[in-house]
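Trainee: what shape does this take:
(one chain, ligands or ions: 1)
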Amino acid sequence: MLQPLVLFDLDNTLIDRRGTLAGWAAEFTTEHGLQDDEQAYVLGMVAERAYPSTFDMIRALYRLPMSTTELWRAYCTEIAAMVSCPAEVLDELDELRAAGWRVGVATNGAMDIQHAKLRATGISERVDGVFVSEEADARKPQTQHFALAAARCSTVLYDGGWMVGDNPVHDIGGGRSAGLRTIWINNDRPWPPNDPGPDHTVPNARAAIDLLLLHSAD
Ligand SMILES: [Mg+2]
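Mentor: Down below sits the predicted model:
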């Protein structure tokens with residue numbers, strides 16, 4: 001019998017990226033002698049997603065003396081040191097696997113930073129596999145992204161798999177198109193009108209895992 005598969009998004013699903021970034025932007029602007037309005041601008045630039053090219057723009061804009069590579073490495077190190085996954089969520093990931101689930105992470109982004117966060121938070125060692133979009137240029141909501149994430153968990157996409165995430169288009173729309181059932185982490189936001197809804201809506205990752213554990217008891 002196939003083990004049930006669940007894929008988790010990383011940012012603002014298993015970890016609080018949004019909260020971490022504000023603290024990082026404050027430290028970055030202090031370190032480089034920038035002003036408050038520049039702090040907001042830097043935060044805006046990294047808000048959706050950060051890549052080395054983002055730091056190329058920041059370096060040019062503020063005429064920073066260090067190289068893009070140095071800025072990017074510092075960003076990866078600093079964010080990895082600041083970010084955390086709640087201990088209860090880490091425990092529940094263990095519980096899911098003990099209950100027979102295959103557990104994976106399916107995340108868009110750059111390899112360096114996503115893997116640094118996964119290692120630093122302890123998530124890496126609690127999942128069967130991880131797929132980061134940059135590894136094969138396959139981004140959510142493309143079905144290929146989910147298929148590659150399933151492959152990293154030594155399984156395939158099939159009816160009965162699940163996707164858990166906070167992004168209505170990337171995680172929920174993409175997961176549904178890939179044939180997965182979906183759980184939306186709403187982070188206190190309303191579901192966007194006109195989009196077909198998720199199978200379930202919950203406030204956080206713990207509630208999502210509780211729901212999956214209930215299903216595994218079926
Ligand atoms: Mg997310």
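
Trainee: ok, and for the host helix or strand of residue 71, which residues are buried?
Mentor: In this assignment (DSSP states H and E), residue 71 forms part of helix 68-82. Buried residues in helix 68-82, counted by 16 or more other Cβ atoms under 10 Å: 68, 71-73, 75-76, 78-80, 82. From N, CA and C alone the C-beta is placed, and that goes for glycine too.

Trainee: show me which residues of the chain sit near the ion.
Mentor: 9, 11-12, 166-167 (Cβ under 5 Å from the ion).

Trainee: which of these has the largest number of neighbours?
Mentor: Ranked by neighbour count (other Cβ atoms under 10 Å), those have residue 9 at the top, with 25 neighbours.

Trainee: residues contacting the residue nearest to it when sequence neighbours are not counted?
Mentor: Spatial nearest neighbour of residue 9, chain neighbours left out: residue 165 (3.2 Å); criterion: Cβ to Cβ, 6 or more residues apart in numbering. Counting by Cβ atoms under 8 Å, 6 or more residues apart in numbering, residue 165 touches 8-9, 13, 106, 171-172, 175, 182-185.

Trainee: switch the cut-off to 7 Å
Mentor: 9, 13, 171-172, 185 (Cβ atoms under 7 Å, 6 or more residues apart in numbering).

Trainee: likewise residue 153?
Mentor: When contacts are counted by Cβ under 7 Å, 6+ apart, residue 153 touches 5, 102, 104, 128-129.

Trainee: pLDDT score assigned to it?
Mentor: Here, the pLDDT recorded for residue 153 equals 95.

Trainee: any idea how far it is from the ion?
Mentor: 19 Å (Cβ to the ion, to the nearest Å).

Trainee: how about residue 90?
Mentor: For residue 90, the distance to the ion (Cβ to the ion) stands at 18 Å.

Trainee: now residue 53
Mentor: Distance of residue 53 to the ion, given as Cβ to the ion: 20 Å.

Trainee: please apply the same query to residue 175.
Mentor: 12 Å.

Trainee: what's the answer for residue 38, then?
Mentor: 26 Å.

Trainee: now for that residue: which residues touch it?
Mentor: Residue 38 sits in contact with 29, 62, where contact means Cβ under 7 Å, 6+ apart.

Trainee: let's see it at 6 Å
Mentor: residue 29 (Cβ atoms under 6 Å, 6 or more residues apart in numbering).

Trainee: that one looks like it's in a helix, true?
Mentor: Yes. With DSSP: H, G, I helix; E, B strand; the rest coil as the criterion, residue 38 is part of a helix.

Trainee: pLDDT wise, what is it at?
Mentor: The model's pLDDT for residue 38 equals 94.

Trainee: quick one on the thing from earlier: so which of the contacts of residue 165 are in strands?
Mentor: Within the contacts of residue 165, residues falling in strands by DSSP state E are residue 185.

Trainee: including pLDDT and distance to residue 44, could the contacts of residue 165 go into CSV?
Mentor: Rendered in CSV, the data for the contacts of residue 165 read as follows (pLDDT from 0 to 100; distance: Cβ to Cβ, whole Å):
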residue, pLDDT, distance to residue 44
9, 98, 22
13, 98, 22
171, 98, 22
172, 98, 25
185, 97, 23
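
Trainee: now do the buried residues in the strand or helix carrying residue 118.
Mentor: Element membership for residue 118 (DSSP H and E) is helix 111-121. Neighbour counts over helix 111-121 (16+ other Cβ under 10 Å) mark 112-118, 120-121 as buried.
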